[in-house]
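Novice: missing the sequence, but the structure's below:
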């Protein structure tokens, strides 16, 4: 006859075995990945091919759910509040994860405490471009020109509080130049007014910049990531002139905090493998993006660094969002 200790030991072993079996069974149903941006946009173009490969690797459908609104914070909040069971993930972006906390103090989630980093999918550089008749051919030239013409150089952005707006504020702060912000509603009118000479400079998406640069309609001065872009390897970084300057419109992968580590590790391993596939690399680079595949620890460190950097910039420049 079994004594009390034997019964407890047997029950414990049974529970551990059941837990292990449950963990091994993941995933046993479709996984939902929340995209906090509208369908058909740049985020969809990045996410869908990766999610298709991930579904094949995991043997379960990976459903991309678009939940746009409030600069991506609605979708991010939904994942932060979801069950940490491995069946809800976030296709994350620097905006709702690292920039919004600086601009929206009363957020519905804490991106560090309520979400767990899995990997950074890509780096997304923007390009500092100028209209071709502006007499500058480098970042040092631009700084010298702006200092000689205070308050006369205008820069366009896709909207208040956007990465393209904050890039201009970072340039203003780090270079010590007086430049004037002109906000637009989207990238197309920024490029139109650059070509028409209504504004002088702008930070624009690399995929949108390349055709205009190749046609000689815009002059590229530098990219905004710390590393040179593999798409434009001959173009310097702004960091080479202003050390520490970085505007990286990255996309990543996150889960609700408390998601079991074995699940996070499996997702990271599969994604890192997918990001090395030639067809995925080619597709991402065609969009001006550099594949990354960082570890959960590296991505978490990047997020914390970005949160601190954007908070410092917003505090020092007084940027607000209406």
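Specialist: Yep, it's here. Since this is a predicted model, take the numbers as computed values, not measurements.
Novice: how about the helices in this protein?
Specialist: 4-25, 42-58, 73-80, 94, 100-103, 139-148, 163-175, 187-196, 206-214, 261-274, 278-286, 296-317 (DSSP state H).
Novice: buried sites along the last one?
Specialist: It refers to helix 296-317. 296, 299-300, 302-303, 306-307, 309-310, 313-314 (16 or more other C-beta atoms under 10 Å). C-beta here means a position set from N, CA and C on the backbone, and glycine is covered the same way.
Novice: what's the angle between that helix and helix 261-274?
Specialist: Interaxial angle, helix 296-317 versus helix 261-274 (axes from the mean of the first three to the mean of the last three C-alpha atoms, to 10 degrees): 80 degrees.
Novice: can you pull up the most central residue in this protein?
Specialist: With distances taken as C-alpha atoms, centre = their mean, residue 250 lies nearest the centre of the chain, 2.4 Å away.
Novice: so how far is residue 195 from that one?
Specialist: To residue 195, residue 250 is 28 Å away according to C-beta to C-beta, to the nearest Å.
Novice: kindly report the same for residue 163.
Specialist: 21 Å.
Novice: what about those two, which has more around it?
Specialist: residue 163 (24 against 15; other C-beta atoms under 10 Å).
Novice: what about the residue nearest to the more buried one when sequence neighbours are not counted, neighbour count?
Specialist: Nearest non-adjacent residue to residue 163, counting by C-beta to C-beta, 6 or more residues apart in numbering: residue 249, 5.2 Å away. For residue 249, the neighbour count with other C-beta under 10 Å is 24.
Novice: so residue 249 sits against residue 124, correct?
Specialist: Yes - at 3.7 Å, residue 249 counts as touching residue 124 under the criterion of C-beta atoms under 8 Å.
Novice: thought residue 46 was touching residue 280?
Specialist: No - taking contacts as C-beta under 8 Å, residue 46 lies outside contact range of residue 280: 9.9 Å.
Novice: more neighbours: the two, which one.
Specialist: residue 46 (22 against 19).
Novice: spit out the contact partners of the more buried one.
Specialist: Shown in contact with residue 46 (C-beta atoms under 8 Å, 6 or more residues apart in numbering): 91, 121-122, 251, 284, 287, 289.
Novice: any idea how far residue 227 lies from residue 125?
Specialist: 9 Å.
Novice: what touches both of those two?
Specialist: residue 290.
Novice: now do residue 5, the pLDDT please.
Specialist: On the pLDDT scale, residue 5 is placed at 54.
Novice: look through this protein and tell me its longest strand.
Specialist: In the chain, with assignment by DSSP state E, the single longest strand is strand 115-123.
Novice: residue 222: how many residues sit nearby?
Specialist: 26.
Novice: list the contacts of the closest residue to it other than its chain neighbours.
Specialist: Of all residues not flanking residue 222 in the chain, residue 238 sits nearest, at 4.5 Å (C-beta to C-beta, 6+ apart). Neighbour list for residue 238: 128, 139, 171, 222-224, 245 [criterion: C-beta under 8 Å, 6+ apart].
Novice: and the contacts of stretch 291-307?
Specialist: Looking at what lies outside stretch 291-307 - C-beta under 8 Å, 6+ apart - the contacts are 94, 97-99, 101-102, 111-112, 116-123, 248, 250, 252, 264-265, 268, 271-272, 275-276, 280-281, 284-285.
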